[in-house]
Every structure is written in structure tokens, then in C-alpha cells.
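> quick one, structure for this:
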Amino acid sequence: MNKIIAIIITIAVTFSVNAVENKFNGSWKLVSGEYLDKEGKRIQYKDVKMSSIKVISGTHFSYVSMSGNKFWSSGVGRYRFTETEYIEKPIHTSYGVTLGKEYAFTYKVENDIWYNSRWSKGKRVEYEIWQKLP
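Residues are numbered from 1 along each chain as shown. From the prediction side, this is the model:
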């Protein structure tokens, strides 16, 4: 009897884990956004000619960002998500990263458009709109 219960629990856990759709898998192109610079000034990505591609697998992400024709930044790491948060934990970046630091974004995905915001001390420090690539 205990063996049957163990099998049922294993099957239930397997299907419940697989039932969570990973809407982030794939390649994404930055459409628009903004961030707060070190002085607290809001910078529009279009004003610095920001472009970026982010590739997301089941457990990892990587991205490369450009400002016009010049390299801006890159990074790779692990990520996870909940119903309301997408959380990145960079491993390597071009700008240096504190080992173990996480960046949590609130998000919404509608069709192939991904909206995310990152907040710090009650201020929105980043806002991005991404479009899934075919």
C-alpha cells in the first residue's frame, strides 16, 4: 500500500511541476525601456540607442546589450520565476557582479510581449519591454 501511495505522489508531483508553463523560454529582443542612472536620472533606452537580445533556457539566461554600434554590457546566470516575479542571479557579467546577488523583476507576459519592472527602495530603477523572437 505504501508503495502505491509513493507512486501516486511521484506522478502527481511530476505532472504538477511539468504543468507550470515556462513562458520565458526562447529568445527575446528589447523593444523599449528606461533605467535610473547613478545620479537618479531617468534614462530612456531609445536616447542611448539601446538594443539587446536575451536568450533564456529552462534554467539559465544570457544577454548582450549594445548602445548604437558600441558594446554596452553582457551577462549570464541562472534564473527562476514565480507567478509575479522573474529573478535573475548573474554568474558572469561584463560590469562585475556581487556573487549571489539577485535581481527581482515584477512582470507580465501578454502574447509575445514581456513587461518587467525592477524596484529598489520604493523606486522603479528599471523598466523593460521585450518581444519574443520567432
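> tell me which residues of stretch 99-111 come out buried.
Buried positions in stretch 99-111, judged by neighbour count with 16 or more other C-beta atoms under 10 Å: Tyr103, Ala104, Phe105, Tyr107, Val109. Every C-beta, even on glycine, is put in place using the N, C-alpha and C of the backbone.
> isn't the fourth one up against Glu85?
Yes. With contact defined as C-beta atoms under 8 Å, Tyr107 counts as touching Glu85 (7.0 Å).
> counting neighbours, what do you get for Ser57?
By the criterion of other C-beta atoms under 10 Å, Ser57 has 12 neighbours.
> swap in Thr93?
13.
> which intervals of the protein have sub-threshold pLDDT?
1-20 (pLDDT under 70).
> ok, which stretches of it are strands?
Under the criterion DSSP state E, strands of the chain are mapped to 26-36, 42-44, 50-56, 60-67, 70-81, 85-93, 103-110, 113-120, 123-132.
> packed most tightly, which of those strands would that be?
strand 50-56 (a mean of 19; mean count of other C-beta atoms under 10 Å).
> quick one: strands adjacent to it?
Strands that pair with strand 50-56, judged by DSSP bridges, come out as strand 26-36 (antiparallel), strand 60-67 (antiparallel).
> save those strands as TSV, and put in distance to Leu133 too.
Formatted as TSV, the strands paired with strand 50-56 follow (distance: least, C-beta to C-beta, whole Å):
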stretch	distance to Leu133
strand 26-36	4
strand 60-67	13
